[in-house]
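Asker: Model the structure of this input:
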Amino acid sequence: MKKNIFLAVGLLFSMSTQAQIFDIIKSAVKDKTGVDLNTPVKSNGTATSTKTTTTASGSNNSSANLGNLTSTQISSGLKEALSMGVTDGVKKLAVTDGFFKNEAVKILMPEKLRKIDTTLRSIGMGSLADEGVKLLNRAAEDAVTEAAPIFTNAITSMTITDAKNILLGSNNAATSYLQGKTQTQLFNAFQPKVKASLGKVGADTLWKNLISKYNTFTGQAVTTDLNEYVTTETINGVFKMVADKESGIRNTPAMRTTSILQKVFGAQDGK
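Answerer: Numbers count the residues shown, from 1 in each chain. Here you go, the predicted structure:
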């Protein structure tokens with residue numbers, strides 16, 4: 001019995017001593033590191049902390065590569081890319097066959113009038129229908145130069161914030177920005193020019209003849225606003241050309257023909 005009492009006392013003394021030792025260790029750790037070992041640690045604390053750190057780090061990846069670029073350089077690079085896209089696009093479209101022989105932007109028979117095309121061809125007047133389509137494209141080729149000054153104003157007004165968002169955006173982010181800024185202005189500027197161009201190339205007279213022949217042959221009364229149609233298609237063609245140029249500069253280093261384009265879009269490559 002005495003033996004058992006001595007064992008129990010020994011065990012309690014041992015546990016008491018261990019507890020004192022642990023208290024001393026905890027105190028030393030808190031003094032040296034500031035960490036209180038008595039504070040409970042949540043089981044998911046580390047995971048949450050790690051996740052937050054990873055997310056924060058990830059959110060900076062897209063902008064980290066722009067660290068060596070100044071805001072002015074980013075803005076200049078984007079403006080130059082857009083200016084090149086507009087200049088090249090308008091130059092290629094504002095020539096004979098610039099629209100007509102470019103399948104990507106060629107203006108086709110208006111959807112409302114496609115039954116005229118089918119009917120005319122069925123009665124041996126396909127050449128007249130072809131000439132009608134050609135003259136729609138000729139009107140666009142004549143009118144497209146109106147785009148340049150409107151685009152120039154939009155590019156000049158681009159802010160530093162706009163430029164940074166565009167640089168880190170999609171392949172056509174700059175074109176989308178330009179479209180949002182100029183769509184209404186372009187339509188208002190193009191419409192009278194397209195109307196004049198339709199008359200200049202003889203498209204309005206030819207189309208009146210086409211529609212008249214169709215209506216006489218079928219007994220119908222088809223009408224359409226060619227001016228609005230060609231205006232819209234001309235604007236779409238310009239944006240298509242600008243988007244192609246932007247995508248090329250973003251994805252093809254050989255198309256970055258100036259030092260600022262190489263610097264800015266070279267940084268964008270690793271975003």
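Asker: how distant is stretch 194-204 from the center of its chain?
Answerer: 34 Å (Cα atoms, centre = their mean, to the nearest Å).
Asker: Just the buried positions in it, please.
Answerer: 194, 195, 197, 198, 201, 203, 204 (16 or more other Cβ atoms under 10 Å). Heads up, the C-betas are built off the backbone N, CA and C, glycines and all.
Asker: Stretch 234-242 too?
Answerer: Those would be 234, 235, 237, 238, 239, 240, 241, 242, for stretch 234-242 by 16+ other Cβ under 10 Å.
Asker: Nearest to residue 179 among these?
Answerer: Closest approach to residue 179 among the buried residues of stretch 234-242 (Cβ to Cβ): residue 239, at 5.6 Å.
Asker: next SSE after the helix or strand that closest one falls within?
Answerer: In this assignment (DSSP states H and E), residue 239 forms part of helix 226-251. Downstream of helix 226-251, the next assigned helix or strand under DSSP H and E is helix 259-269.
Asker: what comes into contact with that next one?
Answerer: Contacting residues not belonging to helix 259-269 are listed as 65-66, 68-69, 73-74, 76-78, 80-81, 167-168, 249-250, 253, 256 [Cβ atoms under 8 Å, 6 or more residues apart in numbering].
Asker: Kindly recompute the last result at 10 Å.
Answerer: By Cβ atoms under 10 Å, 6 or more residues apart in numbering, the surrounding residues in contact with helix 259-269 are 62-69, 72-81, 84, 163, 166-169, 249-253, 255-256, 258.
Asker: For ChimeraX, write the select line for the buried members of the residues you listed.
Answerer: Per 16+ other Cβ under 10 Å, the buried members of the contacts of helix 259-269 correspond to this ChimeraX selection:
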select :66,69,73,74,75,76,77,78,79,80,81,84,163,166,167,168,249,250,255,256
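Asker: returning to what we had before: which pair in the buried residues of stretch 194-204 spans the largest distance?
Answerer: Largest separation among the buried residues of stretch 194-204 by Cβ to Cβ: 195 and 201, giving 11.7 Å.
Asker: who touches both of these two?
Answerer: Common neighbours of residue 195 and residue 201 (Cβ under 10 Å, 6+ apart) are residue 139.
Asker: Apart from its neighbours in sequence, what residue is nearest residue 190?
Answerer: residue 231 (4.6 Å; Cβ to Cβ, 6 or more residues apart in numbering).
Asker: wouldn't the one you found be in contact with residue 183 here?
Answerer: No - contact criterion Cβ atoms under 10 Å: residue 231 and residue 183 do not qualify, at 11.4 Å.
Asker: Compare neighbour counts for these two and give me the winner.
Answerer: Neighbour count, other Cβ atoms under 10 Å: between residue 231 and residue 183, residue 231 has more, with 26 against 13.
Asker: And the helices in the stretch 51-200 of the chain, which stretches?
Answerer: 61-64, 71-93, 114-122, 126-143, 147-156, 160-167, 173-200 (DSSP state H, counting those that start in this stretch).
Asker: Just the CA trace of the second one, in CSV.
Answerer: Taking Å, rounded to 0.1, in the frame of the first residue of the first chain, the C-alpha atoms of helix 71-93 are listed here in CSV:
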residue,chain,number,x,y,z
SER,A,71,2.6,55.3,-67.5
THR,A,72,3.7,57.5,-70.3
GLN,A,73,5.3,54.6,-72.1
ILE,A,74,2.2,52.4,-71.8
SER,A,75,0.0,55.2,-73.1
SER,A,76,2.4,56.0,-75.9
GLY,A,77,2.6,52.4,-77.0
LEU,A,78,-1.1,51.9,-77.1
LYS,A,79,-1.7,55.1,-78.9
GLU,A,80,0.9,54.2,-81.5
ALA,A,81,-0.6,50.7,-82.0
LEU,A,82,-4.0,52.2,-82.5
SER,A,83,-2.8,54.9,-84.8
MET,A,84,-1.0,52.3,-86.9
GLY,A,85,-4.1,50.2,-87.0
VAL,A,86,-6.3,53.0,-88.2
THR,A,87,-3.8,54.4,-90.7
ASP,A,88,-3.1,51.0,-92.2
GLY,A,89,-6.8,50.0,-92.2
VAL,A,90,-8.1,53.1,-93.8
LYS,A,91,-5.2,53.1,-96.4
LYS,A,92,-6.0,49.6,-97.5
LEU,A,93,-9.8,50.2,-97.7
